[in-house]
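Peer 1: sequence plus the predicted model coming up.
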Amino acid sequence: MKRSSLFYLVVAMVVLTTSCSQNTSQKDAKTETKITPGQSLGIASVPNLRDIGGYINKEGKTVASGVVYRSNQLNPVSDEDMKKLAALGLKNDYDLRTEAEITNAPDEIPSGVEYISLNVLADAKQSSAAMLGKLLHMPKEANEKLGGGKIDAMFLEGYREFVILPSAKLAYQELFLSLSDPAKTPAIFHCTTGKDRTGWATAALLTLLDVSPELVMEDFLKSNDYIIPMYRKQIDGFVAAGGDSLIPLAIFGVKPEYLNASFDEVQKSFGTIENYFSEGLGIDTQEQEKIRKRLLEN
């Protein structure tokens, strides 16, 4: 396994350790009454919780709202926000995180919601995690190890692995097949920040639904609006201590080239998004059509 997988696991753990204090500091935010496509639902404990619906595809059909939600981790969730989660009527919660992430911050979900763990990075090695994690608390050393574009190269490779890593294929297969089943939706899927593993899942799904590349990218990049502010204190502290500002922004944010790397890998390995679903994920044409029928409205 290439070192990008090692680094990505560290990134997940780093953001995990700072999530609790950042989320609870936003308790008083109010839920927006009118939600536009890609917009946060305004639930303070989970700022990157969004409905994937509302987008109009190339055929003029609309991605159904109130069926599938994407999010950052569901921990911690305030009592008031738990009521808002319950109001979504969720049936299933798909957790894309690693075992270590789950152990440190297990999901807090409404009663009656079924929890399913789908470890996208199960096949990624973790032996260098401790060493890499320390770099993020050692700005000067981080500059040497992660600066000069090195961190971006790691993320680019990581996004390619979302497409070809065996554990990622298995996780996304189960996720997408489940989302076509009315008995399992409304549903939510998430990782730690809701931007990388979740970001690719959303982008792949919207692309299968024939949403334009421009709108898919727009949805992907909106994670920056909700996640980077959560970690502004950590980013500023890292920079104040002499760290390259581009390093934490890469860790806590997303860039167009990240998602482009995943799509490039799809084209390289499978040719089309449909072939990625059929050959890569084992979701045949008939099952793909079931997904479309479930998630598209005329």
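Peer 2: Now that the structure is in, tell me what you want to look at. Residues are numbered from 1 along each chain as shown.

Peer 1: stretch 81-89: which residues count as buried?
Peer 2: Buried residues in stretch 81-89, counted by 16 or more other Cβ atoms under 10 Å: Asp81, Met82, Lys84, Leu85, Leu88. (C-beta placed from N, C-alpha, C; glycine too.)

Peer 1: please, which helix or strand holds the second one?
Peer 2: Remark: Met82 resides in helix 79-86, with elements defined by DSSP states H and E.

Peer 1: chain center to that helix: distance?
Peer 2: The chain centroid and the centroid of helix 79-86 are separated by 21 Å, computed with Cα atoms, centre = their mean, to the nearest Å.

Peer 1: swap in stretch 84-104?
Peer 2: 12 Å.

Peer 1: list the contacts of the closest residue to Phe270 other than its chain neighbours.
Peer 2: Using Cβ to Cβ, 6 or more residues apart in numbering and skipping the chain neighbours, the partner closest in space to Phe270 is Tyr276 (4.3 Å). Residues near Tyr276 by Cβ atoms under 8 Å, 6 or more residues apart in numbering: Val163, Ala204, Val266, Ser269, Phe270.

Peer 1: could you point out where the stretch 101-250 of the chain is predicted with low confidence?
Peer 2: By pLDDT under 70, the low-scoring segments of the stretch 101-250 of the chain are 126-133.

Peer 1: state the distance from the most centrally placed residue in the chain to Phe162.
Peer 2: For the chain, the residue nearest the mean C-alpha position is Thr198 (2.1 Å; Cα atoms, centre = their mean). To Phe162, Thr198 is 10 Å away according to Cβ to Cβ, to the nearest Å.

Peer 1: among the contacts of Tyr276, which pair sits farthest apart?
Peer 2: Ala204 and Ser269 (13.1 Å; Cβ to Cβ).

Peer 1: find the nearest non-adjacent residue to Ile273, please.
Peer 2: In space, Ile273 is closest to Thr207, 4.8 Å off (Cβ to Cβ, 6+ apart).

Peer 1: next one: stretch 146-161 to chain centre, how far?
Peer 2: 17 Å.

Peer 1: and the next element down the chain from the one helix or strand the residue nearest to Ile273 maps to?
Peer 2: Assigned by DSSP H and E, Thr207 falls within helix 197-208. Using DSSP H and E, the helix or strand that follows helix 197-208 in sequence is helix 213-221.

Peer 1: what sits against Trp200?
Peer 2: Each residue near Trp200 by Cβ under 8 Å, 6+ apart is listed here: Tyr159, Phe162, Val163, Leu259, Ser262.

Peer 1: adding distance to Asn75 and secondary structure, write these out as TSV.
Peer 2: Below are the contacts of Trp200 laid out as TSV (distance: Cβ to Cβ, whole Å; DSSP: H, G, I helix; E, B strand; the rest coil):
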residue	distance to Asn75	secondary structure
Tyr159	25	helix
Phe162	23	helix
Val163	28	helix
Leu259	26	helix
Ser262	26	helix
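
Peer 1: wait, Leu156 touches Ser262, no?
Peer 2: No. Under the criterion of Cβ atoms under 8 Å, Leu156 makes no contact with Ser262, lying 9.3 Å away.

Peer 1: tell me which of these two has more neighbours.
Peer 2: Ser262 (24 against 19; other Cβ atoms under 10 Å).

Peer 1: neighbours of Ala261, how many?
Peer 2: 22.

Peer 1: the chain should start at 177 in everything you say after this.
Peer 2: In the new numbering, first residue 177, that becomes Ala437.

Peer 1: please, which helix or strand holds it?
Peer 2: Ala437 belongs to helix 432-445, assigned by DSSP H and E.

Peer 1: thinking again about what came up before, more neighbours, Ala380 and Ser445?
Peer 2: Each of Ala380 and Ser445 has its neighbours counted (other Cβ under 10 Å); Ala380 has more, 25 against 14.

Peer 1: list phi and psi for Arg408.
Peer 2: Dihedral pair for Arg408: phi -60, psi -40, per degrees, to the nearest 10.

Peer 1: next one: it from Gly429, what distance?
Peer 2: For Arg408 relative to Gly429 (Cβ to Cβ), the value is 11 Å.
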